[in-house]
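Student: please work out how this folds:
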Amino acid sequence: MKILVTNDDGIHAPGLLSLAEALRKVGEVAVVAPDRERSAVGHALTLHHPLRALQMGPDIFAVDGTPTDCVNLGIHNLLSFKPDIVVSGINRGANLGDDVTYSGTVAAAMEATLMGIPAFAVSLVTQGMGTHYDSAAEFAARLTRQIHERGLPSDTFLNVNVPDLPFLDLLPSSITSQGRRRYEGNIVGKLDPRGQKYYWIGSAELSFLDLEGTDFHAVSRGHVSITPLHLDLTNYTSFQVLRDWGLE
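Tutor: All right, here's what the predicted structure looks like:
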């Protein structure tokens, strides 16, 4: 099995190192990751300046671009093989609910899926630096084996969130839906020494609706959350409502 590993926390992130080490026990691993932290860049693709890739070892590359760039560049140029699976992570911090649309980690798995390659994103649910990356890495290795053996449903990739807990052979896991975040005022405005105003986004503590069956509900109870996502964002249930407007 040939595995491409990427992330959005950067090439030196502890989660990436733990993930690559665990996956080398189940297959041949190549790493193509951003040269610095690229959190919350979503599905951004670099189009207006050239990309550079620094080779840091055999099949290990640091790219001055986004996670989506890394998947594209790795598959189409840097690697001598087409990966059987792409694994993105281990992200420092959760990627739950509506936040998946911001996540570079999740976007990398989405990009691989667009190219027809099975993929999943994995995150460690932690408020700090994170302790048990080995737990998430072990779970990711087991999941990688299963995906390689069974495949994934068409147009589907997985978003996995692992509690920051000891693995203890096997953490319980749940198949979940994407949760919903509570949106509260979380922008702080301040003045710089020259009297000009500036703003910090994301300064408030995030919270989620504790709805049964969702990703947040699972991880808050010590379960690994596995959320199947797909590329088609069409809201089919709205078709008749819009047709009743006489738009067609």
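
Student: tally of neighbours for D244?
Tutor: The number of residues packed near D244 is 8, by other C-beta atoms under 10 Å. For the C-beta atoms, the positions are set from N, CA and C on the backbone; glycine is no exception.

Student: ignore what I typed, I meant N235.
Tutor: Applying other C-beta under 10 Å, we find 9 other residues in the vicinity of N235.

Student: any low-confidence regions in the chain?
Tutor: When the per-residue scores of the chain are filtered using pLDDT under 70, the ranges that remain are 167-170, 183-185, 202-206.

Student: ranges for the strands of it?
Tutor: Per DSSP state E, the chain carries strands over the ranges 2-6, 28-34, 53-57, 60-63, 85-92, 119-125, 156-163, 173-175, 181-182, 187-191, 197-201, 207-208, 224-230.

Student: partner strands of the second one, parallel or antiparallel?
Tutor: As defined by DSSP bridges, the strand partners of strand 28-34 come to strand 2-6 (parallel), strand 60-63 (parallel).

Student: report the buried residues of stretch 216-232.
Tutor: Of the residues in stretch 216-232, those buried by neighbour count under the rule 16 or more other C-beta atoms under 10 Å are 216-220, 223-229.

Student: most tightly surrounded among the strands paired with strand 28-34?
Tutor: The highest mean neighbour count among the strands paired with strand 28-34 belongs to strand 2-6 (a mean of 26), with neighbours defined as mean count of other C-beta atoms under 10 Å.

Student: hang on, the earlier thing: please produce TSV containing the strands paired with strand 28-34, extended by distance to R92.
Tutor: Supplementary listing: these in TSV, determined by distance: least, C-beta to C-beta, whole Å:
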stretch	distance to R92
strand 2-6	14
strand 60-63	18
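
Student: run the chain-centre distance for stretch 241-248.
Tutor: Here the centre of stretch 241-248 is set off from its chain's centre by 36 Å, with C-alpha atoms, centre = their mean, to the nearest Å.

Student: and the end-to-end length of that stretch?
Tutor: 12 Å (C-alpha to C-alpha, to the nearest Å).

Student: ok, the closest residue to S173 other than its chain neighbours - contacts?
Tutor: Ranked by C-beta to C-beta, 6 or more residues apart in numbering and with sequence neighbours excluded, the top spatial neighbour of S173 is V224, at 3.9 Å. With contact set as C-beta atoms under 8 Å, 6 or more residues apart in numbering, V224 has these partners: 139, 160-163, 171-174, 218.

Student: could you point out the longest helix of this protein?
Tutor: The helix that spans the most residues within the chain, counting by DSSP state H, is helix 133-150.
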